[in-house]
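Engineer: predicted coordinates and the sequence they were generated for:
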Amino acid sequence: MENCIFCKIIAGEIPSQRFYEDDEIIVIKDIEPKAKLHYLCIPKQHFALLSEMNGEQAEIVKRLFEKVGKIAPQLGLGEGYRVIINQGENGGQTVRHLHVHLLGGEKLGDF
């Protein structure tokens, strides 16, 4: 998607500090953190909503969550973290490219 900021980050057109990368996902710091540690896990394949996923994309999201569980301690999230996926405008999604927020590094308040 030509105007998608995450697609531009994935393509290397916009610089970012990558904490993890493989063939399917990248993990970067959020530029507007809502916690002491705030990362974004972004599938490299562009789709905006969970409801838009095809089978292949669902498998990528599955592997994304498996990877998060393995790398969380390396990201400073070993004491726990919150996982958030915003969906649609009313759900707070500001970038129309599916991404998973990981928040932690401190005691988070009740949701």
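Structural biologist: Right, received. Where do you want to start?
Engineer: please make it C-alpha for all contacts and neighbour counts, starting now.
Structural biologist: Will do.
Engineer: okay, the closest residue to Val27 other than its chain neighbours: pLDDT?
Structural biologist: Using Cα to Cα, 6 or more residues apart in numbering and skipping the chain neighbours, the partner closest in space to Val27 is Cys41 (4.5 Å). What the model reports for Cys41 is a pLDDT of 98.
Engineer: surely Cys41 is in a helix?
Structural biologist: No. Going by DSSP: H, G, I helix; E, B strand; the rest coil, the assignment for Cys41 is strand, not a helix.
Engineer: just the helices in the protein please.
Structural biologist: Assigned by DSSP state H, the chain shows helices spanning 5-10, 55-71.
Engineer: just the ones you listed: most buried one?
Structural biologist: Highest mean neighbour count of the helices of the chain: helix 5-10, a mean of 18 (counted as mean count of other Cα atoms under 10 Å).
Engineer: so what touches that one?
Structural biologist: Residues from elsewhere that reach helix 5-10, judged by Cα atoms under 8 Å, 6 or more residues apart in numbering: Met1, Glu2, Ile14, Pro15, Ser16, Ile26, Ile42, Lys44, His46, Val95, His97.
Engineer: now the most far-flung residue of the chain relative to its centre: how far from Gly55?
Structural biologist: The outermost residue of the chain relative to its centre, with distances by Cα atoms, centre = their mean, is Asp110 at 21.2 Å. Using Cα to Cα, to the nearest Å, Asp110 is found at 34 Å from Gly55.
Engineer: so the nearest residue to Ile84 once chain neighbours are set aside bridges to which residues?
Structural biologist: Leaving aside its chain neighbours, Ile84 sits nearest to His101 (5.0 Å; criterion: Cα to Cα, 6+ apart). Note on His101: beta-bridge partners by DSSP bridges are Leu40, Ile84.
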